[in-house]
Every structure is written in structure tokens, then in C-alpha cells.
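A.B. asks: Everything below, folded, please.
(one chain, ligands or ions: 1)
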Amino acid sequence: MNIKKLQEAASNFGTPVYVYDLSIIESQYNKLQNAFKNIDNYKIHFASKSLSNISILKFIKNLGLGLDTVSIEEIKIGIKCGFSIDEILYTPNGVSFSEILEAKSLGVKINLDSFESVQDFSKRYSNHPVSIRINPGIYAGGNENISVGHSNSKFGIPEEFITDLIKMEEKKQIKITGLHIHTGSDITKNNQFDEGIKKIFSIATKFKNIESIDLGGGIKIPYFLGDTKTNLKDYARVVELEYQKYKNITGKDLKLILEPGKYLVSDSGYFITKVNYIKKSKNNFFAQVNSGFNHFIRPTLYKSYHEVINLSNLNDKKEEYTVVGYICEKDTFAKKRMISKISKDDILCFKNAGAYGFNMSSNYNSRLRPAELCIHDGKIKKIREEENLEDLLNNQIDVFD
Ligand code: LLP
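C.D. replies: Numbering: from 1, shown residues only. Here you go, the predicted structure:
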């Protein structure tokens with residue numbers, strides 16, 4: 001954590017502001033590559049839903065990654081950032097068939113998410129390669145909202161459709177060349193990954209034309225000292241074993257795909273705010289910052305833990321604070337946390353804000369979304385302007401004018 005640069009970012013560019021240290025994205029990518037070095041053919045696609053600023057995407061592209069997208073807009077942004085068509089995956093959920101057709105016309109690799117959309121696809125493109133997302137029936141993920149692989153979830157094609165899909169393929173109604181699985185985000189238990197990996201490789205042996213297996217994202221990074229994390233070595237070892245087993249059974253080589261979001265960018269991002277007031281109440285010292293869940297919703301939505309650093313007073317006596325925002329409903333960033341003594345106007349920094357931070361921000365309470373900065377080669381650069389009032393009013397229509 002480059003404290004000096006973060007202090008400099010806050011004093012030169014103001015707050016609230018998101019800051020991303022690009023060197024951390026690069027080192028996370030290197031660690032991931034190192035973990036999977038024994039697999040001959042794999043590609044890492046960055047889940048752009050986690051952070052989609054074009055400067056970040058271009059940096060990631062230049063590192064050699066592909067892109068994982070969830071909407072037609074993310075595909076178009078990816079293309080604008082220079083990703084080639086074959087570097088872009090599209091794994092939508094519940095979108096209209098017309099959006100799937102548009103993605104198809106652009107030429108990206110599609111992971112279909114329902115049996116119903118496979119049927120529609122087969123009517124138009126019976127002989128075109130397509131991938132499918134399987135629902136593995138596994139409950140895994142940091143909380144209920146982000147655990148998406150269980151049998152009651154809306155995601156993926158339930159296993160009971162596999163026989164029908166194989167029949168469709170035999171009748172040449174569809175050509176399934178890839179399988180996809182994404183069980184959840186913030187997966188702490190390696191055995192949950194293992195179960196999914198084993199399942200998807202075993203399903204792959206049932207289809208004739210499989211060329212790739214996509215294991216999705218979900219790798220858990222620690223949010224504080226001593227927090228749980230995915231054991232990457234163990235994860236990669238199980239993948240290697242299953243990869244090899246598949247090869248021994250079928251004699252075929254597969255391309256392996258990973259789609260991490262958090263692992264690549266969470267650690268790289270900091271959300272920096274300023275303290276408006278220290279408000280004393282019966283049981284709390286509230287540090288009220290110049291932001292709210294409109295800018296950074298993870299703590300409110302998922303009760304996620306983000307370490308808070310007082311950039312203005314790093315090493316003073318620690319006192320207990322509840323850090324809250326200015327939104328007119330409960331928006332607690334950190335509850336009863338021991339933080340180096342905070343005063344009015346101090347600069348507070350939330351860690352692990354790179355993934356699903358800015359990208360989940362909104363204009364609730366008619367607040368402006370903040371600027372984004374990056375630290376690259378020792379320099380701080382602005383990569384998004386703070387919004388202004390015009391931006392808020394831009395698309396509104398005054399019918400009483
Ligand atoms: N692939 C697919 C198909 C996904 O749906 C996701 C995330 C990923 C990859 C990347 O997962 P990651 O490596 O980032 O865990 N807003 C939530 C997380 C939502 C994840 C949605 N899908 C949060 O802030 O915790």
C-alpha cells in the first residue's frame with residue numbers, strides 16, 4: 001500500500017475519489033499465471049463487471065488478458081478498448097434473445113445460460129459452436145447474494161437438461177464446444193471449488209465437441225490480516241489433475257479459461273473520503289464521511305469488511321469509531337472499528353475497493369459519482385472526471401418547460 005501516493009492523490013485531486021494502483025493488478029495477474037503454469041493451454045479473462053474504466057481495461061489488455069463480459073455494452077466497451085473479438089467472452093443471464101443475436105453477430109464467444117436460450121439458438125445456428133453455462137447445484141460464495149451455483153439459483157442450465165442437450169447434439173441441432181461454471185464470488189472453501197471442477201470436467205466427457213472449459217471467477221482474497229482466502233495452489237492442483245484425467249480419457253486437449261474479477265483488481269483499489277464531522281451519540285463515535293453507499297455499496301449491501309486507514313493520522317492511539325456516510329438511510333461503512341484517532345477533515349481510506357466499487361455506484365440522493373485515478377509508473381493520473389450537475393440532468397425531460 002503506497003500511503004504517500006494515496007495522500008498525494010487526496011490532496012491533489014480532492015475527495016471522494018477512487019484510486020487504483022496498476023502495479024497491484026499486474027502482480028496479481030503474475031501470481032495467477034504462476035499458479036496455473038503447469039497447464040499448457042489456458043487464458044485468463046478479466047471479469048469486466050468488477051471494474052470497467054477504459055484505462056484499466058486497456059492496461060489489462062496490454063498485460064495479455066482477455067475479457068469476460070455480461071452485457072452487450074461491456075462487449076462494445078471491450079472492443080473499443082482494443083480487445084479482439086476472440087479475446088471476449090459473453091456470459092449473460094436472462095437477457096433477450098435479440099441481445100444474444102447481436103453478440104453473435106459481433107462474433108464473441110457466447111456462454112448460453114438457459115436451456116430455453118439454447119433451443120432458440122439451435123433454431124438459427126444449429127451448426128455453430130456455442131458454449132453453455134452449467135448450474136452445478138453447489139452452494140458456495142461469501143454471502144447469499146453472490147452464491148449463484150446452487151440448484152435454486154437463476155443461473156446456469158440445471159444438470160437434468162444434460163441428456164436433452166446430448167440428444168440435441170446427436171440430432172445435429174446444436175454444437176456445444178464449451179462448458180462454463182461459476183459457482184459464486186468470495187469462495188473460501190477449496191472443497192467447494194473442487195466439487196465444481198470435478199463436476200464440469202466429468203460433464204465434459206459426455207459431450208463430443210468440447211474444446212474449452214471455463215471455470216468462472218470466485219477466488220477469495222483476504223480483506224484483513226488473518227482473513228480466509230482461496231488456496232490458489234490447491235485450486236490449481238485440482239484443476240491440473242482433472243485436466244490431465246480428461247486428457248487421458250478422451251485423448252483431447254482442452255483450453256482452460258478463468259474469469260477472475262476480485263482477484264485481479266480488488267486489492268488494487270482504494271476509496272478515499274474526507275471526514276465531515278465526528279458525531280458523538282450514546283453508544284458511538286460516528287465518523288461521518290463525504291460519501292455514502294451511493295459511491296461504495298459493498299459494506300451496506302453485503303456487510304463486507306473493508307479496512308479503514310486514517311491517512312491524515314496513521315499511527316496515533318486507536319479509538320473506536322463507526323464510519324458512516326451521508327445518505328438518508330443506514331449506510332454504515334465500518335461498525336465499531338479501532339482506527340487511529342480521527343478528527344474532522346481527516347482523510348479516510350477504504351481498502352479492497354477496486355472490485356465492484358465504482359462499478360456499483362449510483363446517483364442516489366442526487367449525488368455525483370466521484371472521479372477515478374490510477375497510479376502508474378509512480379505517477380497519479382485521472383481516468384474519470386467527477387460528475388457534475390449537468391450529468392445528473394442530462395437525459396431528463398422537463399415536460400412542464
Ligand atoms: N464470471 C462470472 C460469470 C461472474 O458472474 C462473475 C461475477 C465473475 C466471473 C467474477 O467473479 P469474481 O472473481 O469477481 O468473484 N458484486 C459482488 C460480486 C458479484 C459477482 C458477480 N459475478 C461483490 O461485490 O461481492
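A.B. asks: Give me every residue in the stretch 1-150 of the chain that's in contact range of the ligand.
C.D. replies: Residues of the stretch 1-150 of the chain found near the ligand (CB under 6 Å from any ligand atom) are 47, 50, 68, 91, 146. All C-beta spots, glycine's among them, are computed from the backbone N, C-alpha and C.
A.B. asks: quick check, residue 44 in a strand?
C.D. replies: Yes - assignment of residue 44 by DSSP: H, G, I helix; E, B strand; the rest coil places it within a strand.
A.B. asks: What residues sit buried inside stretch 291-303?
C.D. replies: 291-300, 302 (16 or more other CB atoms under 10 Å).
A.B. asks: Also stretch 145-161?
C.D. replies: Quick answer for stretch 145-161 (16+ other CB under 10 Å): 146-150, 153, 155-157, 161.
A.B. asks: Which of those fall within strands?
C.D. replies: The strands, defined by DSSP state E, take in residue 157 from the buried residues of stretch 145-161.
A.B. asks: Single out whichever of the buried residues of stretch 145-161 has the smallest pLDDT.
C.D. replies: Ranked by pLDDT, those bottom out at residue 146, which has 84.
A.B. asks: picking that back up, out of the residues of the stretch 1-150 of the chain next to the ligand, which are inside strands?
C.D. replies: In this view, these that belong to strands under DSSP E are 47, 68.
A.B. asks: and the residues of the stretch 1-150 of the chain next to the ligand, which are buried?
C.D. replies: Listed as buried from those are 47, 50, 68, 91, 146; burial here means 16+ other CB under 10 Å.
A.B. asks: Now stretch 54-64: buried residues?
C.D. replies: By 16+ other CB under 10 Å, the buried positions in stretch 54-64 come out as 55-57, 59-61, 63.
A.B. asks: nearest to the ligand, of the buried ones among the residues of the stretch 1-150 of the chain next to the ligand?
C.D. replies: Within these, the smallest distance to the ligand is 3.6 Å, found for residue 47 (CB to the nearest ligand atom).
A.B. asks: and the closest residue to the closest one other than its chain neighbours, what is it in contact with?
C.D. replies: Of all residues not flanking residue 47 in the chain, residue 261 sits nearest, at 3.4 Å (CB to CB, 6 or more residues apart in numbering). Counting by CB atoms under 8 Å, 6 or more residues apart in numbering, residue 261 touches 46-51, 68, 185, 217, 355-356.
A.B. asks: Go again with 6 Å.
C.D. replies: Neighbouring residues of residue 261 by CB atoms under 6 Å, 6 or more residues apart in numbering: 47, 50, 217, 355.
A.B. asks: Spatially nearest residue to the closest residue to the ligand within the stretch 301-401 of the chain, not counting backbone neighbours?
C.D. replies: Per CB to the nearest ligand atom, residue 356 is where the stretch 301-401 of the chain lies closest to the ligand, at 3.2 Å. Distance criterion CB to CB, 6+ apart; nearest residue to residue 356, sequence neighbours excluded, is residue 50 at 5.4 Å.
A.B. asks: again with residue 51
C.D. replies: Distance criterion CB to CB, 6+ apart; nearest residue to residue 51, sequence neighbours excluded, is residue 265 at 4.8 Å.
A.B. asks: One more: residue 118?
C.D. replies: Spatial nearest neighbour of residue 118, excluding adjacent residues (CB to CB, 6+ apart): residue 112 at 5.1 Å.
A.B. asks: Now that neighbour: phi and psi?
C.D. replies: Per-residue torsions, residue 112: phi -80, psi 140 (degrees, to the nearest 10).
A.B. asks: measure it to residue 160 for me?
C.D. replies: According to CB to CB, to the nearest Å, residue 112 and residue 160 sit 16 Å apart.
A.B. asks: ditto for residue 151
C.D. replies: Separation of residue 151 from residue 160 (CB to CB) stands at 10 Å.
A.B. asks: pretty sure residue 207 is touching residue 178, no?
C.D. replies: No - here residue 207 does not reach residue 178: they are 9.5 Å apart, not a contact under CB atoms under 6 Å.
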